[in-house]
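Asker: just need the structure, nothing else, for what follows:
(one chain, ligands or ions: 1)
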Amino acid sequence: MSAEIAKLPTEPARRKYELFDDTGFDEVPKKYRKFYRRWGGEGDPLAPNEVLCPVCKIVIRSNRELRPGDRVYCMACMARLRVAEGPDGALVGLVEY
Ligand SMILES: [Zn+2]
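Answerer: Here you go, the predicted structure:
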């Protein structure tokens, strides 16, 4: 039996996030603004429900905690991203074609 399969019995419940604030991100239609925000650069930590788009450096926000393997869509540059764990343990977005 492979350790790879044994690794994922049941995944712990994800934390949910309420997104109701308009972040002022005006590159997407108003109803989607809460799912994106501008990144403040180094020193602007990302929440567990946020991942940075490596293409346009926009923060994509989810209404639930993100985990490696999740797929998100960046509406600003139309990139499809897969969430992965970076070298420092933080979540990073990898572009999928
Ligand atoms: Zn993007």
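Asker: what pLDDT is listed against the residue most central in space within the chain?
Answerer: For the chain, the residue whose C-alpha lies nearest the mean C-alpha position (C-alpha atoms, centre = their mean) is Val51; its distance is 3.1 Å. Turning to Val51, the model gives it a pLDDT of 96.
Asker: tell me the contacts of it?
Answerer: Applying C-beta atoms under 8 Å, 6 or more residues apart in numbering, one finds that Val51 lies in contact with 59-60, 62, 66, 72, 81, 83, 91-93. In short, each C-beta sits where N, CA and C put it, glycine included.
Asker: sheet partners, orientation included, of the helix or strand containing Arg82?
Answerer: Using DSSP states H and E, Arg82 sits within strand 79-85. The sheet places strand 79-85 alongside strand 71-74 (antiparallel), strand 91-96 (antiparallel), with pairing taken from DSSP bridges.
Asker: reformat those strands as JSON lines; add distance to Phe20.
Answerer: Converted to JSON lines, the strands paired with strand 79-85 look like this (distance: least, C-beta to C-beta, whole Å):
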{"stretch": "strand 71-74", "distance to Phe20": "19"}
{"stretch": "strand 91-96", "distance to Phe20": "22"}
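Asker: which one of those strands lies closest to Asp22?
Answerer: Relative to Asp22, the nearest member of those by C-beta to C-beta is strand 71-74, separated by 18.1 Å.
Asker: what is the burial count for the residue nearest to Lys30 when sequence neighbours are not counted?
Answerer: Setting aside the residues directly before and after it, Lys30 is nearest to Asp22 in space (C-beta to C-beta, 6 or more residues apart in numbering), at 7.1 Å. Residues lying near Asp22 (other C-beta atoms under 10 Å) number 12.
Asker: same question for Gly40.
Answerer: Applying other C-beta under 10 Å, we find 9 other residues in the vicinity of Gly40.
Asker: then Cys74?
Answerer: Using other C-beta under 10 Å, Cys74 has 23 other residues around it.
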